[in-house]
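Q: Take this sequence and fold it.
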Amino acid sequence: MAAIYTPSSYLPQCHYSPSSLFSSAAAVTKPRRATTTVVFCIAEITTPSVLTANDVGNNRVAERKEVRFGLPSKGRMAADTLDLLKDCQLSVRQVNPRQYVAQIPQLSNLEVWFQRPKDIVKKLVSGDLDLGIMGFDTVSEYAQGNDDLILVHDALDYGECHLSIAIPKYGIFENINSLKELAEMPQWTEARPLRVATGFTYLGPKFMEDNGIKHVTFSTADGALEAAPAMGIADAILDLVSSGTTLRENNLKEIEGGVVLQSQAVLVASRKSLLQRNGVLEITHEILERFEAHLSAAGQFTVVANMRGSSIEEVAERILNQSSLSGLQGPTISPVFCKRNGEVYPDYYAIVICVPKKALYKSVQQLRAIGGSGVLVSPLTYIFDEETPSPRPQCARELVIAGSSAR
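A: Predicted coordinates:
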């Protein structure tokens, strides 16, 4: 089976609960993913008496006071990133669209720097940025396993694509449908290796080596990679694929086992910055908590209905007997008071539950079937968990990092 790279293959993860950044033990209970906990213990850092080349990154972190947040400067990723921040009440204020520096008014002492995604990764490594958002493919290619970068959030729910090998549908490749078959083609020798055109000159060779494939050479190509096989300058390409339409229109096909990694937008932080710069832990905590609250609410609806019943307990039993009406932790039930003949008494009970979008109509039907009326439905914007602990100074020496598997 071909090796498919996941976030944990490249970077330590500091995902998923905001409290995992700031407490000595993290309990990750998100229902969306299975989780494991990885603990990184970081010793207290002392200042060396002589500054060496290896200390330059640390020195850059120490000498700058403002926190810098790198965001994509152009394209769909840039627009979707700004939309996410806006949805989380963290709108970016840019006085001049030509300027590369902006602010998020809700986060004091934070500078937003618009950069190319690959430059965000490079500047996180060099210490010129503290936080950044980019595609997982980009951080995997340009971080190259650098252990100073921490994957704070590995699934921001936009920019989904995958990095995949594609070959022509015609000629000697017509009956080739898997990576194994491609590797075993007799045409590839040391003198005439398989030629792959790609912009991923780190991930490509690593993937081939990890899968035991020899006699491969990689080259970069300007413009659309899809043209390289037809022009005769490559036998295959390694490129990002979203819908696959461009491949099909250029008579190319993906092959079994040829997916290098799955990618979407991720939030990455510099470990040195988290440890050494004042305010980075607090800002990271707030950004992560806002992201989580918004993403947890995506696709969830609040359903409110009135229901007659003899008591709260009797109404609760009717609701909980329905599979789609349990809500996040259970229904909220409260009396609805009416006044008749000068007396005030509960005539109905109001039920409030949260249901996923896919189960919305079924939930409304079940509510009606057990006596619900006046059903109101509204989308959820945020779901905040219990209050997370405030950052503490000692947390800069012990980060409990919750890593997650792919959905």
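
Q: Near residue 382, how many other residues are there?
A: Number of residues near residue 382 (other Cβ atoms under 10 Å) recorded here: 16. Heads up, the C-betas are built off the backbone N, CA and C, glycines and all.

Q: Okay, it and residue 139: tell me how far apart.
A: 27 Å (Cβ to Cβ, to the nearest Å).

Q: middle-most residue in the protein, spatially?
A: Compute the mean C-alpha point of the chain, and by Cα atoms, centre = their mean the closest residue is residue 155, 1.8 Å away.

Q: my read is that one is in a helix, agree?
A: No: under DSSP: H, G, I helix; E, B strand; the rest coil, residue 155 sits outside any helix and is assigned coil.

Q: Quick check: closest non-adjacent residue to it.
A: Counting by Cβ to Cβ, 6 or more residues apart in numbering, residue 264 is the residue found nearest to residue 155 once chain neighbours are left out, at 6.1 Å.

Q: Could you tell me how far that neighbour is located from residue 288?
A: Residue 264 is 16 Å from residue 288, by Cβ to Cβ.

Q: more crowded one of those two?
A: Applying other Cβ under 10 Å to residue 264 and residue 288 shows that residue 288 carries more neighbours, namely 23 against 17.

Q: What distance do you get for that one to residue 361?
A: Residue 288 is 33 Å from residue 361, by Cβ to Cβ.

Q: re earlier: for the residue nearest to residue 155, give me its contacts.
A: Shown in contact with residue 264 (Cβ atoms under 8 Å, 6 or more residues apart in numbering): 135, 136, 155, 156, 157, 158, 159, 160, 161.

Q: which of the residues you listed count as buried?
A: 135, 136, 155, 156, 157, 159, 161 (16 or more other Cβ atoms under 10 Å).

Q: Need the pLDDT of the residue nearest to residue 190 when sequence neighbours are not counted.
A: Spatial nearest neighbour of residue 190, chain neighbours left out: residue 215 (5.9 Å); criterion: Cβ to Cβ, 6+ apart. With respect to pLDDT, residue 215 scores 94.

Q: quick one: contacts for residue 215?
A: 188, 189, 190, 192, 193, 194.

Q: In PyMOL, how would I pick out whichever of those are buried, leaving the exposed ones unselected?
A: In PyMOL, this line selects whichever of those come out buried by 16+ other Cβ under 10 Å:
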select buried, resi 188+194
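
Q: just the contacts of residue 215 now: which is nearest residue 77?
A: Nearest to residue 77 out of the contacts of residue 215 is residue 194 (Cβ to Cβ; 30.7 Å).

Q: What's the separation between the closest one and residue 205?
A: 12 Å.

Q: Show me the common contact partners of the two, please.
A: Contact criterion Cβ under 8 Å, 6+ apart; residues shared by residue 194 and residue 205: residue 216.

Q: State the next helix or strand along the chain beyond the lengthiest helix in the chain.
A: If you go by DSSP state H, the chain has its longest helix at helix 280-297. Per DSSP states H and E, the first helix or strand lying C-terminal to helix 280-297 is strand 300-307.

Q: before we move on, the earlier item: can you give me phi and psi for the residue nearest to residue 190?
A: With angles defined as degrees, to the nearest 10, residue 215 sits at phi 60, psi 50.

Q: what do you get for residue 130?
A: Torsion angles at residue 130 (phi, psi; degrees, to the nearest 10) stand at phi -110, psi -40.

Q: list the contacts for it?
A: Residue 130 is in contact with 61, 67, 68, 69, 124, 269, 270, 273, 274, 277, 280, counting by Cβ under 8 Å, 6+ apart.
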